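> Okay, here's the prediction I keep looking at, along with the sequence it came from:
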Amino acid sequence: MAKSLGENCPEDGNELIDRVHQAGCGDMFPYLSDADLKHIADDGKIPKHERWAKRIANGELAIDTLLNLAGLASFSGDQAQLDERIGRIIRK
């Protein structure tokens, strides 16, 4: 997979995800719906295992991928709150 990506760089993120899935490594870059992304953001840093257990068990999603996505979503939420707070302070 890495050699293929190096020889023919994907045009965008969607192509990368498709090619990773074709190579049998889809759990690294899972297909996620808007609802999935909302659950990840809402669950916080530690996703609710029962929500994801079936997808983890069938190899669709890796636990470390899920934890990374949760961490990134948590950071993004915290950063947005900080940006908003700083904006309020500056506008005073």
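Yep, it's here.

> pLDDT weak spots in the chain?
Of all residues in the chain, none has pLDDT under 70.

> what about the longest helix in it?
helix 63-91 (DSSP state H).

> Determine how far it lies from the middle of the whole chain.
14 Å (C-alpha atoms, centre = their mean, to the nearest Å).

> Quick one: residues contacting the residue most central in space within the chain.
Computing the C-alpha centroid of the chain and ranking residues by C-alpha atoms, centre = their mean puts Leu69 first, at 3.6 Å. The contact partners of Leu69, taken as C-beta atoms under 8 Å, 6 or more residues apart in numbering, are Leu32, Ile40. Every C-beta, even on glycine, is put in place using the N, C-alpha and C of the backbone.

> domains in this structure, as residue ranges please.
Domain ranges of the chain: 1-30, 32-92, per automatic domain parsing.

> circling back: mind listing what's buried in the longest helix of the chain?
Within helix 63-91, the residues that qualify as buried are Thr65, Leu66, Leu69, Ala70, Ala73, Ser74, counting by 16 or more other C-beta atoms under 10 Å.
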